[in-house]
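1. attaching a predicted model along with its sequence, questions to come.
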Amino acid sequence: MKYIIGIDDHDSPNRGCTTHFATNLIKIFHKDGIKLLDFPYLIRLNPNIPWKTRGNASIKLIVESDKDIEEIADIVWNASLDYVNNVSQGLKYGRKPGMAIVNYESSIILENFYTKAVSDVITQGFMEKYIQKTNAIVRGSRGIIGSLAAIGFEGNYTFELLTYRKEENWEKKREIDLDSLIAFDEKFFPKVFANVDYTKKRPLILSHGGDPVFYGIRGIDPEILLKGIDMIQIKDEEIENFMIFKSNQGTDAHIIKPGDKVYQTYYGKVTIKDVEIIPGGDVILRTENGLTIFVYKETGELNSMAKLLLSGDEIVVLGAIKPSSKYGRIIDAERIEILSLSNKVEYKNPKCPICGHSSESIGKNKGYRCKKCGYKFNSEKEIIEFPRDICLGTYQTRYYRHLTKPIFLEFYNDYKKETEVLNKILNILLHN
Ligand SMILES: [Zn+2]
């Protein structure tokens, strides 16, 4: 029988990580004769929800086994309880871990559930309806929502290779040779992404605090990520193991279903009404249809571009809809595409037709008088056009957001290669 398992909320603010638990679980499955049929999946859910767990990621595992569904649920949940009690201490920090398992064929019913979980808010009632519809076996509490959502994942994917530290090193500072990371990143661009912040000259791959993850590198080709293990040099430490996850990161999954309510993602064409640069450098764009768009300073080139927008410009904006005490709600922009720029013009009094000197207005509709020779004449105002300092095109936040698709990224699938790489890494994980 083929089953799909979802897992969520196994970390805590200080220790542990749901991906780390999943990697441990794959080892337990191996001992129990449960076969992993695909890479584990690391699924990010709605990034706009403020009460999300760190990173808001859950896990999906596709397995095959002779055991019945209840038996597998018990194996997973026993391992879960062990992890949240003894490794992450998640329960102590009020985490609400959960898991779900469905027959392979039922997972298609959960595609809608995933779409809602990545773009909106899911209620308890909505969750219960889908548990019934799919005959899912569930354990735990709130984490069941992320678990069901992960099971329903469908769409473009990227990969992330995560390395895990030995437990005695979890509190140690992470030290990496930046040059080796840059060499890796430059060699494989544009098939790798979000690994280095070139503006600030620092790695983006390092995890923080007591998390078992040392680093995670992201790309679209698992074979390339595997090369990273050898190319990227870490200092004074040896990693314990690693795993490659398939992921919806970098795929724009949050705009599968854009909306206009708080915590949804706005994605639509608007016309600029006015632009306000507030002290400190954040930009507020007001639109003809009454939206308030914030383009924060931290977004880098997106913010610089927004400062140059003018009334009448047509743009497509993508961003999180957030509640605001001052503005009711705002859109926190992460990407803006400029469709058309209005003409930047200035109206000047016409030049004197006799001597060419500048003129002054005599009064409304009364014409002009030359400032030098005094000649009075009627004429239209002179229109002076200035070039705009920005180009049409797409501008995106510099700030890394898990789901936002880097502009250069192109997806493709190579199932044969994927299978080869998966077998290779399972071989390393399970026989070390
Ligand atoms: Zn004159």
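-> Yep, that arrived.

2. where does whatever residue of the stretch 51-200 of the chain ends up closest to the ion land in three-state SS?
-> For the stretch 51-200 of the chain and the ion, the shortest gap (Cβ to the ion) falls at Thr199, measuring 54.1 Å. C-beta coordinates here come from the backbone N, C-alpha and C atoms, glycine included. What DSSP: H, G, I helix; E, B strand; the rest coil gives for Thr199 is coil.

3. from Lys172, how far off is Gly209?
-> Taking Cβ to Cβ, to the nearest Å as the measure, Gly209 falls 11 Å from Lys172.

4. which ones are touching Val345?
-> Residues counted as contacts of Val345 (Cβ atoms under 8 Å, 6 or more residues apart in numbering) are 383-386.

5. one more pass at 6 Å, please.
-> Val345 makes contact with 383, 385 under the criterion Cβ atoms under 6 Å, 6 or more residues apart in numbering.

6. show me what it is bridged to.
-> Glu385 (DSSP bridges).

7. can you tell me what sits against the helix or strand hosting Asp274?
-> Using DSSP states H and E, the element containing Asp274 is strand 265-277. For strand 265-277, the external contacting residues (Cβ under 6 Å, 6+ apart) are 254-255, 258, 283-289, 307, 309, 311, 313-314, 316-321, 331.

8. those residues in strands, which ones?
-> 283-287, 314, 316-321, 331 (DSSP state E).

9. buried ones among the contacts of strand 265-277?
-> Among the contacts of strand 265-277, those classed as buried by neighbour count (16 or more other Cβ atoms under 10 Å) are 254-255, 283-287, 309, 313-314, 317-321, 331.

10. the strand holding Asp274 to strand 283-287, inter-axis angle?
-> 110 degrees (axes from the mean of the first three to the mean of the last three Cα atoms, to 10 degrees).

11. I'd like the average pLDDT over strand 265-277.
-> When pLDDT is averaged over strand 265-277, the result is 97.

12. go on, stretch 45-55?
-> 73.

13. do stretch 14-22 as well
-> So the average pLDDT for stretch 14-22 ends up being 87.

14. now swap in stretch 218-234 and tell me
-> 97.

15. contacts for it?
-> 158-161, 176-177, 180-181, 184, 188, 191-194, 217, 244, 417, 421.

16. ok, stretch 191-209 next?
-> Here stretch 191-209 makes contact (Cβ under 6 Å, 6+ apart) with 174, 176, 181-182, 185, 213, 215-221, 224, 250, 400, 406, 409.

17. can you give me the buried ones in that stretch?
-> 191-196, 203-207.

18. ok, back up a step: can you select the buried ones from the contacts of stretch 218-234 in ChimeraX?
-> The buried subset of these, as determined by 16+ other Cβ under 10 Å, is captured in ChimeraX by this line:
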select :158,159,160,161,176,181,184,188,191,192,193,194,217,244,421
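
19. mind listing which of the contacts of stretch 218-234 are in helices?
-> Within the contacts of stretch 218-234, residues falling in helices by DSSP state H are 180-181, 184, 188, 417, 421.

20. low-confidence ranges in the chain?
-> Applying pLDDT under 70 to the chain flags the ranges 51-56.

21. within range of the ion, give me the residues from this protein.
-> Selection of the chain residues close to the ion by Cβ under 5 Å from the ion yields 352, 354-355, 357, 370, 372-373, 375.

22. list only buried entries from those.
-> 352, 370.

23. could I get the residues of the chain next to the ion as TSV with secondary structure?
-> Rendered in TSV, the data for those read as follows (three-state DSSP):
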residue	secondary structure
Cys352	coil
Ile354	coil
Cys355	coil
His357	coil
Cys370	strand
Lys372	coil
Cys373	coil
Tyr375	coil
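
24. in the sheet, which residues pair with Lys322? Tell me.
-> Those that pair with Lys322 in a beta bridge, by DSSP bridges, are Ile330.

25. against Lys235, how distant is it?
-> Taking Cβ to Cβ, one finds Lys322 at 40 Å from Lys235.

26. could you do Glu168 as well?
-> When Glu168 is compared with Lys235 (using Cβ to Cβ), they lie 16 Å apart.

27. same question for Asp74.
-> Asp74 is 42 Å from Lys235, by Cβ to Cβ.

28. of the two, who's got more company?
-> Neighbours were tallied for Asp74 and for Lys235 using other Cβ atoms under 10 Å; the higher tally belongs to Asp74 (13 against 9).

29. so that one: helix, strand or coil?
-> Going by three-state DSSP: Asp74 is helix.

30. quick one: contacts of stretch 388-397?
-> Residues contacting stretch 388-397 (Cβ under 6 Å, 6+ apart): 299, 301-302, 305, 308, 334-338, 341, 344, 407.

31. write the PyMOL selection for whichever of these are buried.
-> For anyone working in PyMOL, the buried entries among the contacts of stretch 388-397, judged by 16+ other Cβ under 10 Å, can be selected with:
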select buried, resi 299+302+305+334+335+336+338+341
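
32. one step back: which two of the ones in helices among the contacts of stretch 218-234 have the greatest separation?
-> Ser180 and Lys417 (24.5 Å; Cβ to Cβ).

33. count of neighbours near Asn343?
-> Using other Cβ under 10 Å, Asn343 has 11 other residues around it.

34. now it. Nearest residue, chain neighbours left out?
-> Glu385 (5.7 Å; Cβ to Cβ, 6 or more residues apart in numbering).

35. Asn112 now?
-> Distance criterion Cβ to Cβ, 6+ apart; nearest residue to Asn112, sequence neighbours excluded, is Gly152 at 7.2 Å.

36. hmm, the one you found is touching Tyr114, no?
-> Yes: counting by Cβ atoms under 6 Å, Tyr114 is a contact partner of Gly152 at 3.4 Å.

37. the ones in strands among the contacts of strand 265-277: which two are farthest apart?
-> Pairwise over those, using Cβ to Cβ, the maximum falls at Glu314 and Ala320, 21.6 Å.

38. which of the buried residues of stretch 191-209 fall within strands?
-> In strands, judged by DSSP E, the following of these are found: 192-193, 196, 203.

39. of those, which is the nearest to Tyr327?
-> Phe193 (32.8 Å).

40. tell me how far the closest one lies from Leu309.
-> From Phe193 to Leu309 the distance is 27 Å (Cβ to Cβ).
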